[in-house]
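K.L.:
A predicted structure for the sequence below; I have some questions about it.
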Amino acid sequence: MTTESGPTQRARRRRASGTVVDFDGRRLALARRRQRLLRSALAELTSVSAAAITQFERGSARPTNAAVAELALALGMPVDFFRQGRPIEPVPASAAHFRSLRATPAISREQALAFAEISLVVVDLVEQYVDLPRVPPLAEPLDAEPEPGRIARLAAATRERLGVDPGPVPHMVRLLEAHGIVVLRLPREIDHRVDAFSTEAGHRPLVLLSPVKDDRARSRFDAAHELAHLVMHQDVDPGSKIVERQADTFASEFLAPSTELEPELPRRVDWDALAQAKTKWGISLAALVHRAHRLGLWGEHAYRRANQHLAALGYPEPTPLGPPESPYLLGAAVELLSDAGTTIDDLAVAGRLPVGQIEEIVAAGSETRPRLSLTPDPAV
């Protein structure tokens, strides 16, 4: 009887288990990033080494059926997800405008980007059945050193292009969605330092908002800020302070054009007048204080005193505006599909995704409604 060597035994086991010839390593990397796992951490959850995982992701080696089953179990994905199919559009960090790029750990940023990539897969699945609104031409690139007033004019032109009447923007998130921009809230388990970000890596723009900003004014500003990137910064490296300041200026002017806001701002620190402006325009007291100073209505002393007062009051600000604006578009599209007989289970099969992940993404793009229940009649 001949005793097989160790390498021979391993080769025989590989042949017995079979190699997955249509394995897509990019999908493995995507699933791993979505779970916020380094390769070494995934290796600890399986019998697959970190070096092998690296080879699988890069396409320099193919895993066995047994290895794929083990990886799929650890990552909460169906085995079929890892087979080649319709290409998944990558969303690299260079194609996403993060509000806090430098403050965000790379592993957290990669998890958020992976969520965006899978979200685009779900949007693509939905669009095979439902016509979402057309995205109008948005791009109006800035010069390297834009002339004074250029950003305000771009904001005004974008308001006109999107059909915003003079006065406040009634619902910033709904406005984006009405023009084909998909808006989602990031899952709460994603590092809060990721904050909001946007990308045009897919076939339609995607805006992802922070789930932890329980404030209507801040969420409206974030949505307008991301619109600014979609308009002005399509071919600009993301993350610089200059780019972020430009987006802030655009957002301020888009939500409340200076020509309309200035006559309503007090010429001295008047909190009642500022509260009225906050309620009307849907922007924060802090933003109004900044605008009053920037427009030259307040001097340095008044500006500093007002900021000190707000700092002493803490967060949340007085005069609450209510909960953040909720997305609606994706949830409404899936509800329409359900009414027509196509369920989330059907989408999961078509996309080779877990039902739970699709439900999570649909919920991220759905209106948040309070849950109500009937109070039992005490007389019964």
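P.N.:
Arrived safely, thanks for sending.
K.L.:
residue boundaries of the helices in the stretch 1-150 of the chain?
P.N.:
Secondary structure of the stretch 1-150 of the chain by DSSP state H, counting those that start in this stretch: the helices cover 6-17, 25-34, 39-45, 50-58, 65-75, 106-127, 150-161.
K.L.:
tell me how far the fourth one is from the chain's mean position?
P.N.:
This points to helix 50-58. On the basis of CA atoms, centre = their mean, to the nearest Å, helix 50-58 sits 28 Å off its chain's mean C-alpha point.
K.L.:
Kindly state which of the helices of the stretch 1-150 of the chain is positioned closest to P323.
P.N.:
Nearest to P323, of all the helices of the stretch 1-150 of the chain, is helix 106-127, at 22.2 Å by CB to CB. Heads up, the C-betas are built off the backbone N, CA and C, glycines and all.
K.L.:
ok, and the helix or strand in this protein with the lowest average confidence?
P.N.:
Lowest on mean pLDDT, DSSP states H and E among the helices and strands of the chain sits helix 6-17, with a mean of 52.
K.L.:
neighbours around the residue lying closest to P105 once chain neighbours are set aside, how many?
P.N.:
Once flanking residues are discounted, P105 sits nearest to D191: 6.7 Å by CB to CB, 6 or more residues apart in numbering. Burial of D191 is recorded as 17 neighbouring residues (other CB atoms under 10 Å).
K.L.:
so the residue nearest to A139 when sequence neighbours are not counted, which of the three states?
P.N.:
Residue nearest to A139 in three dimensions, not counting chain neighbours: Q234, with 5.1 Å by CB to CB, 6+ apart. Under DSSP: H, G, I helix; E, B strand; the rest coil, Q234 falls in the coil class.
K.L.:
Between the two ends of stretch 232-248, what distance do you get?
P.N.:
This stretch, stretch 232-248, spans 12 Å end to end (CA to CA, to the nearest Å).
K.L.:
in that stretch, what's buried?
P.N.:
Across stretch 232-248, burial judged by 16 or more other CB atoms under 10 Å covers M232, H233, V236, P238, G239, V243, E244, Q246, A247, D248.
K.L.:
For the helices of the stretch 1-150 of the chain, give me TSV that also has distance to R294 and mean neighbour count.
P.N.:
Listed next are those as TSV, based on distance: least, CB to CB, whole Å; neighbours: other CB atoms under 10 Å:
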stretch	distance to R294	mean neighbour count
helix 6-17	66	11
helix 25-34	40	21
helix 39-45	47	15
helix 50-58	48	17
helix 65-75	48	18
helix 106-127	31	21
helix 150-161	11	18
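K.L.:
mean pLDDT lowest for which of those?
P.N.:
Across the helices of the stretch 1-150 of the chain, helix 6-17 has the smallest mean pLDDT, namely a mean of 52.
K.L.:
Is it correct that L330 is in contact with E360?
P.N.:
No - using CB atoms under 8 Å, L330 makes no contact with E360, being 11.5 Å away.
K.L.:
Next up, identify which helix or strand the nearest residue to V122 once chain neighbours are set aside is on.
P.N.:
Leaving aside its sequence neighbours, V122 sits nearest to I361 (CB to CB, 6+ apart; 4.8 Å). Element membership for I361, per DSSP states H and E: helix 355-364.
K.L.:
Tell me, how many residues neighbour R352?
P.N.:
17.
K.L.:
next one: P318
P.N.:
Neighbour tally, P318, other CB under 10 Å: 11.
K.L.:
Just say helix, strand or coil for it.
P.N.:
The three-state label given to P318 by three-state DSSP is coil.
K.L.:
For the stretch 101-250 of the chain, which segments count as strands?
P.N.:
For the stretch 101-250 of the chain, applying DSSP state E, counting those that start in this stretch gives strands covering 182-185, 197-199, 206-209.
K.L.:
Spit out the contact partners of the residue nearest to D195 when sequence neighbours are not counted.
P.N.:
Nearest residue to D195, sequence neighbours excluded (CB to CB, 6+ apart): R99, at 3.9 Å. Neighbouring residues of R99 by CB atoms under 8 Å, 6 or more residues apart in numbering: D195, A196, F197, D222, H225, E244.
K.L.:
again with T249
P.N.:
Here T249 is in contact with I151, A152, A228 (CB under 8 Å, 6+ apart).
K.L.:
Then A292?
P.N.:
L265, P266, W298, Y303, A306.
K.L.:
Correct me if wrong: the third one contacts L274.
P.N.:
No - the pair formed by W298 and L274 falls short of the contact definition of CB under 8 Å, at 11.0 Å.
K.L.:
who touches both of the two?
P.N.:
V289.
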